[in-house]
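Q: can you look at this prediction? I've put the sequence above it.
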Amino acid sequence: MMFYDQDRMSLRRAEAGIARLEALFWRLDDRLRLITKMEHKMSQEMDRLRAAVTAERTVSASIVTLLNDINQKLRDAGASGDPAALMALADEIEANTKALADAVVANTPPAPTP
């Protein structure tokens with residue numbers, strides 16, 4: 001009978017060990033799922049950030065093109081000695097300045113409230 005009791009005790013210890021391993025497995029599984037969700041969210045945020053950088057690069061290139069165009073128009077108007085061309089260019093510069101200022105205001109997030 002003693003041998004049978006030892007086997008039952010060994011079986012209980014083994015079952016308790018298995019239960020602890022199962023609990024550990026489920027905790028690890030939960031953590032892995034959380035990490036996977038966080039990784040997915042970070043990936044989405046990185047994609048959004050890449051898109052924003054690309055858009056900003058496009059806008060910056062457009063601004064450089066605009067400034068180069070204005071520079072050339074100023075040179076051409078100055079060389080022609082045409083006051084009307086200079087006034088038209090001044091009006092165009094004002095309109096472009098307003099459009100850029102409006103775009104900056106529209107795309108600037110509000111300051112955080114303290």
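A: Received, thanks.

Q: show me which helix runs longest in this protein.
A: Across the chain, the longest stretch assigned as helix under DSSP state H is helix 2-80.

Q: check which helices and strands that one sits against.
A: On a contact count with 3 or more Cβ pairs under 8 Å, 6 or more residues apart in numbering; DSSP states H and E, helix 2-80 meets helix 83-106. All C-beta spots, glycine's among them, are computed from the backbone N, C-alpha and C.

Q: relative to helix 2-80, how tilted is the helix it packs on?
A: 160 degrees (axes from the mean of the first three to the mean of the last three Cα atoms, to 10 degrees).

Q: which parts of helix 83-106 are buried?
A: Judged by neighbour count using 16 or more other Cβ atoms under 10 Å, the buried positions of helix 83-106 are 85, 89.

Q: what of stretch 33-49?
A: Buried-residue list, stretch 33-49, by 16+ other Cβ under 10 Å: empty.

Q: send the alpha carbons of it over as PDB?
A: C-alpha atoms of stretch 33-49 as PDB (Å, rounded to 0.1, in the frame of the first residue of the first chain):
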ATOM      1  CA  ARG A  33      -1.000  39.100 -27.400                       C
ATOM      2  CA  LEU A  34      -0.500  42.500 -25.700                       C
ATOM      3  CA  ILE A  35       3.000  42.900 -27.300                       C
ATOM      4  CA  THR A  36       1.600  41.900 -30.700                       C
ATOM      5  CA  LYS A  37      -1.200  44.500 -30.400                       C
ATOM      6  CA  MET A  38       1.300  47.200 -29.300                       C
ATOM      7  CA  GLU A  39       3.600  46.300 -32.200                       C
ATOM      8  CA  HIS A  40       0.700  46.600 -34.600                       C
ATOM      9  CA  LYS A  41      -0.300  50.000 -33.200                       C
ATOM     10  CA  MET A  42       3.300  51.200 -33.400                       C
ATOM     11  CA  SER A  43       3.500  50.000 -37.000                       C
ATOM     12  CA  GLN A  44       0.300  52.000 -37.900                       C
ATOM     13  CA  GLU A  45       1.700  55.100 -36.200                       C
ATOM     14  CA  MET A  46       5.000  54.700 -38.100                       C
ATOM     15  CA  ASP A  47       3.100  54.400 -41.400                       C
ATOM     16  CA  ARG A  48       1.200  57.600 -40.500                       C
ATOM     17  CA  LEU A  49       4.400  59.400 -39.600                       C
END
